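Asker: build me a model from this:
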Amino acid sequence: MPSLLSSSLLQMLPLLFSLIISLMLCGIIADESPPSPGYYPSSQVSSVAFDQAYRNLWGPQHQRLDQSGSLTIWLDSYSGSGFKSIRPYRSGYFGAAIKLQSGYTAGVITCLYLSNNQDYPGDHDEVDIEFLGTIPGKQYVLQTNVFMRGSGDKNNVIGREMRFHLWFDPTQDFHHYAILWTPTDIIFLVDDVPIRNYPRKNDATFPERAMYVYGSIWDASSWATENGKYKADYKYQPFIGRYKDFKLQGCTTQSSSSCQPPSPSPPGYNSLSPQQYNAMQWVQNNYLVYDYCRDPNRDHTLTPEC
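Answerer: Reported below is the predicted structural model:
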């Protein structure tokens, strides 16, 4: 009898081992998800058809809108592509679901951002979500940045970069990325999880002039991947960015002075709720890879908000 029992246990060991490994993996994956923010700003904003809110800006031959409303833009050795909102906004929620290309994408930037550089050349404002291309075996970097009144122009660039890895593979599926710009905060969101809050601390460090919404894919080989160590290699072209589920709601330059952007948080909070802040802290504790305010090589007299 004992020998039969031992034999049965031995036969079950592979199954038990597989079950244990599966449970461990489930635990790991679960731990890789941020805590719930408890509030989902994207649910307060309706989707908008691309051609109702945006127009091609450059590289029209490298841009395709399919019947479902999904937009594909691509970069090759001939050109990249970009689009721009029809209207400028002075606040609002600006988002899209984006899927990135896998494989070798070093030097390539895929982005969604706000800017008024065409209205104020050499003295513009900008708020960026930029995906910095990578090499096989290394993760994409999501860079957020804020420029005010020419701090991103000429040779005296004063960036306010915070860079992140992601808790998922952005090449496997679409994920929603958004900028929520209010009179008091600029909040960067990934699948409704706030990853960064840039608060208004004084007028000099917060953009106030109206901006358009842009998206583009372009070659930034001089700096994008490990400070330019790896360049765009066009033997891997085309480099493709996919966008869908565009969400845009805000106050245009034609809106009344009483216009308010969508709220970043539940009723009763001026900025992020404690639950949202907790989710943001989890992301920053686990996935933040660079913070300009913590860079000892930066001149922080130029970034007083730090």
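Asker: longest strand of this structure, counting residues only.
Answerer: For the chain, the strand with the greatest residue count under DSSP state E is strand 239-252.
Asker: in that one, what's buried?
Answerer: 239, 240, 241, 242, 243, 244, 246, 247, 248, 249, 250, 251 (16 or more other CB atoms under 10 Å). For the C-beta atoms, the positions are set from N, CA and C on the backbone; glycine is no exception.
Asker: can you check stretch 215-223 too?
Answerer: 215, 216, 217, 218, 219, 220, 221.
Asker: and if you look at stretch 256-267?
Answerer: 261, 262, 263, 264, 265.
Asker: I'd assumed residue 180 was in contact with the fourth one.
Answerer: Yes - Residue 264 lies in contact with residue 180 (CB atoms under 8 Å); the separation is 5.0 Å.
Asker: what sits in contact with each of the two?
Answerer: 41, 187 (CB atoms under 8 Å, 6 or more residues apart in numbering).
Asker: once you drop chain neighbours, what's closest to the residue nearest the centre of the chain?
Answerer: For the chain, the residue nearest the mean C-alpha position is residue 129 (4.3 Å; CA atoms, centre = their mean). If the residues on either side of it in the chain are set aside, residue 129 comes closest to residue 112, at 4.8 Å by CB to CB, 6 or more residues apart in numbering.
Asker: same deal with residue 39?
Answerer: In space, residue 39 is closest to residue 266, 4.9 Å off (CB to CB, 6+ apart).
Asker: residues near the residue nearest to residue 77 when sequence neighbours are not counted, how many?
Answerer: Nearest residue to residue 77 in three dimensions, chain neighbours excluded: residue 234, at 4.3 Å (CB to CB, 6+ apart). When neighbours are defined as other CB atoms under 10 Å, residue 234 has 14 of them.
Asker: thinking again about what came up before, quick check, the residue nearest to the centre of the chain in a strand?
Answerer: Yes - counting by DSSP: H, G, I helix; E, B strand; the rest coil, residue 129 is part of a strand.
Asker: show me the beta-bridge partners of it.
Answerer: residue 112, residue 144 (DSSP bridges).
Asker: distance of it from residue 170?
Answerer: Relative to residue 170, residue 129 is positioned 12 Å away (CB to CB, to the nearest Å).
Asker: identify the contacts common to these two.
Answerer: With CB under 8 Å, 6+ apart, residue 129 and residue 170 have common neighbours residue 142.
Asker: quick one on the thing from earlier: helix or strand right after the longest strand of the chain?
Answerer: Moving toward the C-terminus from strand 239-252, the next helix or strand (DSSP states H and E) is helix 274-287.
Asker: so what does that following helix touch, helix or strand wise?
Answerer: For helix 274-287, the packing partners by 3 or more CB pairs under 8 Å, 6 or more residues apart in numbering; DSSP states H and E come out as strand 193-199.
Asker: recalculate using a threshold of 10 Å.
Answerer: Packing contacts for helix 274-287, counted by 3 or more CB pairs under 10 Å, 6 or more residues apart in numbering; DSSP states H and E, involve strand 162-164, strand 185-190, strand 193-199.
Asker: and the first one, average pLDDT?
Answerer: Right, the one you point to is strand 162-164. Here strand 162-164 scores 98 as its mean pLDDT.
Asker: same question for the second one.
Answerer: Throughout strand 185-190, pLDDT has a mean value of 98.
Asker: got the angle for that strand vs helix 274-287?
Answerer: 60 degrees (axes from the mean of the first three to the mean of the last three CA atoms, to 10 degrees).
Asker: paired strands for strand 185-190, with orientation please.
Answerer: Strand 185-190 has these strand partners (DSSP bridges): strand 175-181 (antiparallel), strand 193-199 (antiparallel).
Asker: show me which positions of the last one end up buried.
Answerer: If I follow you right, that is strand 193-199. In strand 193-199, counting by 16+ other CB under 10 Å, buried: 193, 194, 195, 196, 197, 198.
Asker: scan the helices and strands of this protein for the one with the lowest mean pLDDT.
Answerer: Ranked by mean pLDDT, DSSP states H and E, the weakest helix or strand in the chain is helix 2-31, scoring a mean of 43.
Asker: show me what whichever helix or strand comes after it is packed up against.
Answerer: Per DSSP H and E, the first helix or strand lying C-terminal to helix 2-31 is helix 50-53. Using 3+ CB pairs under 10 Å, 6+ apart, the elements in contact with helix 50-53 are strand 81-85, strand 239-252.
Asker: so which elements touch the longest one?
Answerer: Applying 3+ CB pairs under 10 Å, 6+ apart, one finds that strand 239-252 makes contact with helix 50-53, strand 54-58, strand 71-75, strand 81-85, strand 89-99, strand 108-115, strand 175-181, strand 212-219.
Asker: the second one: partners in the sheet, and parallel or antiparallel?
Answerer: Read that as strand 54-58. According to DSSP bridges, strand 54-58 has these partners: strand 81-85 (antiparallel).
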